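Asker: Requesting a structural model of the entry that follows:
(one chain, ligands or ions: 1)
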Amino acid sequence: MLTVLDNPLVRRDITFLRDKATPPDRFRAAMQRIGTALAVESAKFLGMRTLRVQTPLEETEGYAIGHDVILLPVLRAGASLVQAFIDLMPEARIGYIGLSRNEETLAIHEYYCNIPALTPESLVFVLDPMLATGGSMCSTLERLQERGAKRMVIVSVIAAPEGVKRIETAFPNVQILTSTLDRGLNEHGFIVPGLGDAGDRYHGTV
Ligand code: PRP
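Answerer: I've put the predicted structure just below:
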C-alpha cells in the first residue's frame, strides 16, 4: 500500500530539493527535515507492547516498541535518511546495502551488503530517497527475503508511479511511504520533474 505525506513543511522542503541551485548544505538540511517527517509517519507501522511503569505517584501502564526495528539504507543516497530515523527510533539496529545503477543499461550492481540477523519480529525500514524504476528496491527486497524478512516498509522521498507499480506487483505486502509522487520516468529512467541524483546532490559529488 502507498502512503504519500501531505504536509506543507515537507512540500516546501521538496521544493528546495528540486531547485538545482540549492547547494549541498541546504539540500542536506531539507533532507534531514523530510527524513524526520517520514520517520514520524513510519511509526504507524510499529507494533507496541505494554509494560508497567512506576511514576513518582503510582504504578501505571506504559509502552515500548514491539518490533525489532532494522534500518537499511540503500547506499549512497539512503545515507541521507539514517540520522532522522536514528533520532526517532534509537532502538533500531542498522544494516547497509550498496547498490549502483548503470545509467545506460539501468542494471543493478551490488557492491556491499551487511544486514543484521533478522527475527520474525523484525520490521525493516528500507531507506532510499528515490524510487525510480524500482530495480534497486526490488533487488534489496529480494535480498531481505532471502535473509528471512517478513515485514518491510519502503521509505522514499520521491517516487515514480512506474516504480510504485513494480513494487506493488512484485511485493504486494510491502508498504511504501513517500513524500511525493512525481509524474513519471524519462527515457533515461530518471524521475521527472524529480530532483536529479539525490546521492550526488547530498554528497556534493555532482
Ligand atoms: C539511485 C537512487 C536509488 C536508485 C533508484 O541510486 O538513489 O537507489 O538510483 O533507481 P531505480 O529505482 O531505477 O533502481 P544510484 O544508482 O544513482 O546510486 P547513488 O545513490 O550512489 O547515487
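
Asker: Please count neighbours and contacts with C-alpha atoms only from this point.
Answerer: Will do.

Asker: worst-scoring helix or strand of the chain, pLDDT-wise?
Answerer: Ranked by mean pLDDT, DSSP states H and E, the weakest helix or strand in the chain is strand 96-101, scoring a mean of 93.

Asker: how about it, does it reach the ligand?
Answerer: Yes: against the ligand, strand 96-101 shows contacts by C-alpha under 6 Å from any ligand atom at Ser100, Arg101.

Asker: After that strand, which helix or strand is next?
Answerer: Counting by DSSP states H and E, the element after strand 96-101 in chain order, helix or strand, is strand 108-114.

Asker: So what are the sheet partners of the helix or strand just after that next one and their directions?
Answerer: Using DSSP H and E, the helix or strand that follows strand 108-114 towards the C-terminus is strand 122-127. Counting by DSSP bridges, the strands paired with strand 122-127 are strand 68-75 (parallel), strand 151-155 (parallel).

Asker: Tell me which residues are up against the least confident helix or strand of the chain.
Answerer: Applying C-alpha atoms under 8 Å, 6 or more residues apart in numbering, the contact partners of strand 96-101 are 72-76, 107-115, 136, 140.

Asker: Single out whichever of the residues you listed has the smallest pLDDT.
Answerer: Minimum pLDDT for these is recorded at Ala107 (87).

Asker: quick one: furthest residue from the center of the protein?
Answerer: Among the C-alpha atoms of the chain, the one most distant from their mean position (C-alpha atoms, centre = their mean) is that of Leu57, at 40.9 Å.

Asker: Please tell me how far it sits from Leu51.
Answerer: 17 Å (C-alpha to C-alpha, to the nearest Å).

Asker: ok so, going back, return the members of the contacts of strand 96-101 classed as buried.
Answerer: Neighbour counting by 16 or more other C-alpha atoms under 10 Å classes Leu72, Pro73, Val74, Leu75, Arg76, Cys113, Ile115, Ser136, Thr140 among these as buried.

Asker: secondary structure element for the last one?
Answerer: Following DSSP H and E, one finds Thr140 within helix 135-146.

Asker: how about that helix: buried residues?
Answerer: Using 16+ other C-alpha under 10 Å as the test for burial, helix 135-146 gives Gly135, Ser136, Met137, Cys138, Thr140, Leu141, Leu144.

Asker: what lines up beside the least confident helix or strand of the chain in the sheet?
Answerer: If you go by DSSP bridges, strand 96-101 pairs up with strand 68-75 (parallel), strand 108-114 (antiparallel).

Asker: Indicate which one of these is closest to Ile34.
Answerer: With respect to Ile34, and counting by C-alpha to C-alpha, the nearest of the strands paired with strand 96-101 is strand 68-75 at 15.2 Å.

Asker: Tell me the helix or strand right after the closest one.
Answerer: helix 79-88.

Asker: Cool, thanks, talk later.
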